[in-house]
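1. coordinates only, sequence not included:
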């Protein structure tokens with residue numbers, strides 16, 4: 001079976017990488033067989049992020065640093081050789097192939113085999129970076145998870161914008177950032193039974209919070225733990241304790257373990273190249289075939 005708790009997923013050809021507290025596992029997505037656990041010393045633990053970059057290199061972020069794997073060899077980066085902190089929260093490859101790494105003590109940006117560090121002194125709302133996202137216009141979004149401080153930093157063309165509960169977010173613990181097909185940005189935030197999802201709209205280059213939605217508006221639970229829009233246009237927002245909500249054709253639908261999900265907390269979502277959806281939960285994987293998705297309301 002999968003590792004019990006799955007925090008992140010990545011696709012590499014016919015392979016799905018699934019990782020979390022118990023390490024990194026390889027899954028053959030064609031026949032659902034587990035190839036193996038990715039062995040490493042020290043053992044990968046509390047893996048928070050996985051990225052397969054444009055060159056096919058696997059990047060793994062856990063409590064001991066950032067590790068690259070080329071299929072044969074591992075290279076480890078930590079606070080002694082490039083990172084501001086060995087505790088890695090998130091990894092992101094942007095449209096130019098630049099690697100961004102969020103840690104507890106700032107951002108590390110890798111370009112041309114060199115590292116650049118970005119912290120509050122350089123403009124971040126907080127040094128703890130939990131989420132990284134690049135929008136369609138090349139703007140970079142950075143979310144922290146240190147409420148009551150924290151929130152979101154947005155950077156484009158040398159200018160910063162900031163978002164927190166002071167200007168409309170539901171909570172300053174940022175768990176997810178995604179962009180919908182209509183260009184709006186969705187920010188998921190919260191802690192336990194507090195929080196929500198905020199939609200941001202852009203006007204003349206300035207982003208602002210348009211609306212905040214909560215459980216009363218259709219979410220499965222108050223905290224928005226994960227956000228993903230599939231290729232059919234449906235928006236999925238996972239909760240901490242209460243399942244996952246799907247917004248399609250103007251209506252919300254909530255799915256839980258009673259509908260077949262392996263756990264009520266959905267942490268990671270991935271759509272593979274064939275349109276199948278993979279959901280990483282606190283207790284294993286849930287998989288929905290592409291043709292089954294077309295049958296959902």
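-> That came in fine, so what should we check first? These numbers were taken from a predicted model, which means no experiment stands behind them.
2. Any figure for the gap between residue 3 and residue 283?
-> Distance, residue 3 to residue 283, using C-beta to C-beta, to the nearest Å: 10 Å. All C-beta atoms are positioned from the backbone trio N, CA, C, and that covers glycine.
3. Same drill for the two, tell me which one is more crowded.
-> residue 3 (22 against 17; other C-beta atoms under 10 Å).
4. Pull the contacting residues for the more buried one.
-> By C-beta atoms under 8 Å, 6 or more residues apart in numbering, residue 3 lies in contact with 18-23, 25, 284.
5. Over to residue 102?
-> 88-92, 129-132, 142.
6. Inside strands: which ones of those residues?
-> Using DSSP state E, the members of the contacts of residue 102 that fall in strands are 88-92, 131-132, 142.
7. filter these to the buried ones?
-> Buried subset of the ones in strands among the contacts of residue 102 (neighbour count, 16 or more other C-beta atoms under 10 Å): 88-92, 131-132, 142.
8. Just flag the most distant two among those.
-> Among those, the pair separated by the greatest distance (C-beta to C-beta) is 88 and 142, at 14.2 Å.
9. List the pairing partners of the longest strand along the chain within its sheet, with orientation.
-> Assignment by DSSP E gives strand 194-203 as the longest strand of the chain. Strand pairing for strand 194-203, using DSSP bridges, gives strand 185-191 (antiparallel), strand 206-213 (antiparallel).
10. Now do it: distance to the chain's middle.
-> 16 Å (C-alpha atoms, centre = their mean, to the nearest Å).
11. same question, stretch 239-251
-> 17 Å.
12. Check stretch 270-279 too.
-> For stretch 270-279 - counting by C-alpha atoms, centre = their mean - the centre lies 15 Å from the chain centre.
13. go on, stretch 27-46?
-> A distance of 20 Å separates the centroid of the chain from that of stretch 27-46, by C-alpha atoms, centre = their mean.
14. So for it, what gets flagged as buried?
-> Residues 27, 29, 38, 40, 44, 46 are the ones in stretch 27-46 that count as buried (16+ other C-beta under 10 Å).
15. Residue 197: which of these is nearest?
-> Looking across those and measuring by C-beta to C-beta, the closest to residue 197 is residue 46, at 25.5 Å.
16. The closest one: what's its closest spatial neighbour, skipping adjacent residues?
-> Using C-beta to C-beta, 6 or more residues apart in numbering and skipping the chain neighbours, the partner closest in space to residue 46 is residue 63 (4.7 Å).
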